[in-house]
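Undergrad: have a look at this prediction, sequence included:
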Amino acid sequence: MDALVIGAGPAGLMAAEELARAGRDVTVAEAKPSPARKFLMAGKSGLNLTKDEPRAEFAAAFRCPEMLPFLAEFGPAEAMDWARGLGEALFTGSSGRVFPVAMKASPLLRAWLARLSALGVTLRTRWRWTGFDGNALAFDTPDGRRTLRPRVTILALGGASWARLGSDGAWAPWLAARGVPLAPFRPANMGFRVDWSPQMARHFGQPVKGAALIAGDIRHRGEFVVSAKGLEGGGVYAVSTPLRDGAALAIDLAPDRSIEDVAARLARAPARDSLSNRLRKALRLDPVRIALLQEWGRPLPRGEDLARLIKHLPVRHAGPRPIDEAISTAGGIAWAGLTPDLELRALPGLFAAGEMLDWEAPTGGYLITGCLATGRHAGRAAARY
């Protein structure tokens, strides 16, 4: 076999395309019955492909200097050109996030698979990599066990979240046994567990708007959701890294007002009104924000102390949700084990791309672009090899 790509997500398909364009005979092995399942799942919420912002600002969101060369070659502009090249019209939202006009992943994926087929790429589904057999790669396939010795291989197996979609991290011990250094898997872009009191149940599923989340030196204003499991949604994901790493979490329930303004408005409210009515009328707090204040602020103080609590409400949580529920993961193949071409130093001829590498990025288009960028780089390097 000439060139083998294991994993048919964005990184693997991009690597396969680069190998095919270089004239290589490419086979893609995918464990699931169909390709790019996590990509398609992302499309259910609109498929945020990238973020239209300056390249340096975009790259800084990764907090990973090793990613800079790949993002310099393939950043937001290139990601948009790539999607347009597949016939997808795009639009940019007010936050700078870029989406297909169709707001789905399936049309883009169909066009991409058709282009790969036209380039001669062979896709084998239900081919599950099961590790090494001597110097060969072993697979469970619909036709039984197979071992392959391709001239070059690209691993694009994803991280360790959403196992049902194909990213289960099962590959980690096989590579570690061959001397590949690994960083431990950790959840990224995940929710946090909260042991709610019974009175919070009526607010489950409610979005929290008009609030700011504070974690360490990060302050993020974004919507999040109160769920039966805890706190979830984009606003929480944006501060999940410092929270995971030990920072305390607090919520500013009135981010557009100062402590003095909050205190003055509450003081002017009619004394005959209940506290909930004063919070609603004076500060325009909705029921879910009032419920959060009561959940974590009891017994509620008065006067300026209440204003301070509204502006900085400490959140009691029980840590991150399980790693398999995370949108993405940190950890994976350590950069010390890779050449600048993304070749595994311990296993010449094997390259890696996508979430297998030890990087993390926030939601908002960074994840998909990062996978495409590393897949492109690994594919070109493998073709040269």
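TA: Great, that's in hand. Numbering: from 1, shown residues only.
Undergrad: with adjacent residues omitted, what lies nearest to residue 262?
TA: Distance criterion Cβ to Cβ, 6 or more residues apart in numbering; nearest residue to residue 262, sequence neighbours excluded, is residue 307 at 4.0 Å. Every residue, glycine included, has its C-beta placed from N, CA and C.
Undergrad: and for residue 1?
TA: residue 150 (4.0 Å).
Undergrad: what do you get for residue 301?
TA: Closest residue to residue 301 apart from its sequence neighbours, by Cβ to Cβ, 6+ apart: residue 309 at 6.4 Å.
Undergrad: ok, the one you found - contacts?
TA: Shown in contact with residue 309 (Cβ atoms under 8 Å, 6 or more residues apart in numbering): 293, 297, 300, 301.
Undergrad: so the first one is in contact with residue 262, correct?
TA: No: contact between residue 293 and residue 262 fails when scored by Cβ atoms under 8 Å: they sit 11.7 Å apart.
Undergrad: mutual contacts of those two, please.
TA: Joint contacts of residue 293 and residue 262 (Cβ under 8 Å, 6+ apart) are residue 310.
Undergrad: buried residues in the least confident helix or strand in the chain by mean pLDDT?
TA: Least confident helix or strand, the chain: helix 37-43 with a mean of 91, by mean pLDDT, DSSP states H and E. Applying a neighbour-count criterion of 16 or more other Cβ atoms under 10 Å, one finds 37, 38, 39, 40, 42, 43 buried in helix 37-43.
Undergrad: distance from it to the middle of the chain?
TA: Put simply, helix 37-43 sits 11 Å off its chain's centre (Cα atoms, centre = their mean, to the nearest Å).
Undergrad: what's it packed up against?
TA: Using 3 or more Cβ pairs under 8 Å, 6 or more residues apart in numbering; DSSP states H and E, the elements in contact with helix 37-43 are helix 106-118.
Undergrad: roughly how far out does the helix it packs on sit from the chain middle?
TA: The mean C-alpha position of helix 106-118 is separated from the chain mean by 23 Å, Cα atoms, centre = their mean.
Undergrad: tell me which helix or strand comes right after that helix.
TA: strand 122-125 (DSSP states H and E).
Undergrad: so in that sheet, which strands flank that next one, and in what orientation?
TA: Sheet pairing of strand 122-125 (DSSP bridges) gives strand 26-30 (parallel).
Undergrad: which residues touch the strand it pairs with?
TA: Against strand 26-30 from outside (Cβ under 8 Å, 6+ apart): 1-8, 12-13, 16, 19-20, 35, 116, 119-127, 129, 139, 150, 166.
Undergrad: next, the angle helix 106-118 makes with that strand.
TA: 140 degrees (axes from the mean of the first three to the mean of the last three Cα atoms, to 10 degrees).
Undergrad: what pLDDT, on average, does strand 26-30 get?
TA: Across strand 26-30, pLDDT averages out at 98.
Undergrad: now that strand - C-alpha only, PDB.
TA: Extracted in PDB, the C-alpha atoms of strand 26-30 (Å, rounded to 0.1, in the frame of the first residue of the first chain):
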ATOM      1  CA  VAL A  26      -4.400   6.800  -0.900                       C
ATOM      2  CA  THR A  27      -6.600   4.600   1.300                       C
ATOM      3  CA  VAL A  28      -8.600   6.000   4.200                       C
ATOM      4  CA  ALA A  29      -9.500   3.500   7.000                       C
ATOM      5  CA  GLU A  30     -12.400   4.600   9.200                       C
END
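Undergrad: distance from stretch 144-160 to the middle of the chain?
TA: Distance of stretch 144-160 from the chain centroid (Cα atoms, centre = their mean) equals 24 Å.
Undergrad: tabulate the buried residues of helix 37-43 (a markdown table), appending distance to residue 87.
TA: Below are the buried residues of helix 37-43 laid out as a markdown table (distance: Cβ to Cβ, whole Å):
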| residue | distance to residue 87 |
| --- | --- |
| 37 | 22 |
| 38 | 22 |
| 39 | 17 |
| 40 | 18 |
| 42 | 19 |
| 43 | 16 |
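Undergrad: which member of the residues you listed is positioned nearest residue 218?
TA: Residue 218 lies nearest to residue 42 out of the buried residues of helix 37-43, by Cβ to Cβ, at 23.8 Å.
Undergrad: how about the contacts made by the closest one?
TA: 48, 105, 368.
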